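Engineer: Show me how the following folds:
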Amino acid sequence: TGRASVLRGETYGADDPDPARALPDLEYAYHLHKDPFTAAMLFQVYIFLERFDEAFDLLQDDLSWSQRLNWAGFRNIRPRLDAASRQRLLEELDKAPVHDLGRYQLRVRWYTELNEDDLALADDQSLVKLLEAEYVSPATTPQAAEDLNSAYAVLGEALLKAGHTAEAEAVFRKGYKLSVESVAAYPTDNYSWSQCIDSAGRLLKFLNLQGREAERDRLVTTLRTVATPTTSALQRRAGLLMNLERFDAALSDYDELVVRAPDDAGSFRLRAVAQFRSERYARALGDLERAVDLKPGDLSSLTQIPAAEVAACPNDEFRSGFRGLVDRAVELNESSTESLTVRAITLVEFGELEQACADLKVVSSRDSAAPNSAAYYDVYRAALLSLATTDQDGYRELCQRMLTRFGDSHEPMETHFAAWTCSLGP
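Structural biologist: Numbering: from 1, shown residues only. Predicted coordinates:
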């Protein structure tokens, strides 16, 4: 009964013009079981109705749930706050109990949303001090290390935003040092590795912004010597190196991934991008071919490198090989409209507009048999491509198909795509 009440409340909850309708259900559900999800929904509705006393009574009751709030929902609440209610909210936040970490985590998020950067920074600093006092070592308190690392990340960004560059760097370096210690203590723990690579990424981004390339490169070298990464860590580290345009270093990680999982199409697909970016075109094509062989139905192997970049590639062998690979993928997936759409995208970039139009006509003829979620997206993309090929008649036919199938729908995504498809051109 409580769960049903929560679901009903969610249906017309904090984003609804009249959230008061949700209140009886949510209050009843919270009375039955004071779980975090119900509390979060009820809190949002109280704030939406400017019933601040009742909202903050919930905080006194249980602070732990505050970390689970849907903060995107608050962006819908914020515009409804007038000056007086906004000030009341700030005053209530200041009264929150100080004994719980949730107090700081909650207030920082609210302060950030309210653009109270100084208040947010002060709480960020208090949170770090509280966590540092609890931290002993990653070997004895791994959760404390993880919490502290996350707090360092938030504080570093806040300091940087406030213009305290040196202090921000010191915090970013603390976070990276802490994460390296965590990995040393737990070398097979994916979460510890995730923290390590994320904290390294923040420090690398900072050094990039400061133009300190030599230090950045030394840090990359150091990062590659931290223990033996898990497979997940290799993927994340390779992605970070790709973002830094350190393609040779990324290739080394992708090589290791291929060795560890020689039948994983994803590893070959990602390595192909690194090969392409480093202008190793023959190897890139070989990796894409291997990815298609291993998983013919996964067409992301043909979209990982944007079609426009493929068409602009200076290597004739790569372009022609990729073009042939797209045809082969269509043959391997003859019943798939997705493969035809991918080929149409490629053909538009290659200037083969007549063949692209032919593929799009097949896509549009098949959409009636596809599930709704696939059909509206396929038709939308086909409409975009029809305009790219200047096939006005084909575009109008696709609009008519969209309206016939989805014109009377009340499902948000269906009406969204129907409206946008018919708004693309005359």
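
Engineer: any idea how far G266 is from N243?
Structural biologist: Distance from N243 to G266, counting by Cβ to Cβ, to the nearest Å: 18 Å. Any C-beta I mention is one placed from the backbone N, CA and C, and that applies to glycine too.

Engineer: ok, now D253?
Structural biologist: 13 Å.

Engineer: tell me, what's touching these two both at once?
Structural biologist: In terms of Cβ atoms under 8 Å, 6 or more residues apart in numbering, D253 and G266 are not both contacted by any residue.

Engineer: Neighbour count for the two, which is higher?
Structural biologist: Between D253 and G266, counted using other Cβ atoms under 10 Å, D253 has the larger neighbour count: 25 against 17.

Engineer: tell me the contacts of that one?
Structural biologist: D253 touches P229, L234, Q235, R237, A238, L241, counting by Cβ under 8 Å, 6+ apart.

Engineer: Okay, the third one and Y191: tell me how far apart.
Structural biologist: I take that to be Q235. Separation of Q235 from Y191 (Cβ to Cβ): 14 Å.

Engineer: who has more neighbours, the two?
Structural biologist: More crowded of Q235 and Y191, by other Cβ under 10 Å: Q235, with 18 against 13.

Engineer: which one is the more buried one nearest to, not counting chain neighbours?
Structural biologist: L257 (6.6 Å; Cβ to Cβ, 6 or more residues apart in numbering).

Engineer: what number of residues lie near the one you found?
Structural biologist: The number of residues near L257, taken as other Cβ under 10 Å, comes to 21.

Engineer: same deal with the one 10 residues further on?
Structural biologist: Taking other Cβ under 10 Å as the criterion, the count of residues near S267 is 27.

Engineer: tell me the contacts of it?
Structural biologist: Y254, L257, V258, A261.

Engineer: same deal with L203?
Structural biologist: E169, F172, R173, G175, Y176, L219 are the contacts of L203 under Cβ under 8 Å, 6+ apart.

Engineer: Tell me the buried residues in the helix or strand hosting it?
Structural biologist: Counting by DSSP states H and E, the element that carries L203 is helix 190-209. For helix 190-209, the neighbour count (16 or more other Cβ atoms under 10 Å) marks 192-207 as buried.

Engineer: Taking those together, which two end up most distant?
Structural biologist: Farthest-apart pair in these is S192 and L207; separation 22.7 Å (Cβ to Cβ).

Engineer: Could you measure from R173 over to A200?
Structural biologist: R173 sits 11 Å away from A200, going by Cβ to Cβ.

Engineer: again, but for E113
Structural biologist: According to Cβ to Cβ, E113 stands 29 Å off from A200.

Engineer: Repeat that for Y135.
Structural biologist: Using Cβ to Cβ, one gets 20 Å for the distance from Y135 to A200.

Engineer: now swap in T421 and tell me
Structural biologist: Distance from T421 to A200, by Cβ to Cβ: 43 Å.

Engineer: residues touching V348, list them.
Structural biologist: Listed by Cβ under 8 Å, 6+ apart, the contact partners of V348 are A307, A356, L385, A388, T389.

Engineer: Quick check: the gap between it and L385.
Structural biologist: Counting by Cβ to Cβ, the gap from V348 to L385 is 6 Å.

Engineer: anything in contact with each of the two?
Structural biologist: In contact with both V348 and L385: A356, using Cβ under 8 Å, 6+ apart.

Engineer: Below-threshold pLDDT in the protein: ranges please.
Structural biologist: Scanning the chain for pLDDT under 70 picks out 1-18, 59-81, 95-103, 139-140, 364, 366-378.

Engineer: 50 - rerun?
Structural biologist: 4, 13-17, 63-72, 369, 371 (pLDDT under 50).

Engineer: what helix or strand is D327 on?
Structural biologist: Counting by DSSP H and E, D327 is found in helix 316-332.

Engineer: For that helix, which helices and strands make contact with it?
Structural biologist: Judged by 3 or more Cβ pairs under 8 Å, 6 or more residues apart in numbering; DSSP states H and E, helix 316-332 is in contact with helix 281-294, helix 307-311, helix 337-350.

Engineer: List the contacts of A153.
Structural biologist: With contact taken as Cβ under 8 Å, 6+ apart, A153 is in contact with G175, D198, S199, R202.

Engineer: ok, now how distant is it from R246?
Structural biologist: 22 Å.

Engineer: How about L121?
Structural biologist: L121 is 33 Å from R246, by Cβ to Cβ.

Engineer: can you check S423 too?
Structural biologist: Taking Cβ to Cβ, one finds S423 at 42 Å from R246.

Engineer: More neighbours: those two, which one.
Structural biologist: Neighbours were counted for S423 and for R246 using other Cβ under 10 Å; R246 has more, 20 against 8.

Engineer: what about the closest residue to the more buried one other than its chain neighbours, which helix or strand?
Structural biologist: Once flanking residues are discounted, R246 sits nearest to V220: 5.9 Å by Cβ to Cβ, 6+ apart. Assigned by DSSP H and E, V220 belongs to helix 213-223.

Engineer: Also T390?
Structural biologist: Using DSSP H and E, no helix or strand contains T390.

Engineer: how many other residues sit next to the closest residue to it other than its chain neighbours?
Structural biologist: Of all residues not flanking T390 in the chain, L353 sits nearest, at 7.5 Å (Cβ to Cβ, 6+ apart). Per other Cβ under 10 Å, the neighbour tally for L353 reads 16.

Engineer: and what of the one 3 residues further on?
Structural biologist: The local packing of A356 (other Cβ under 10 Å) involves 25 other residues.
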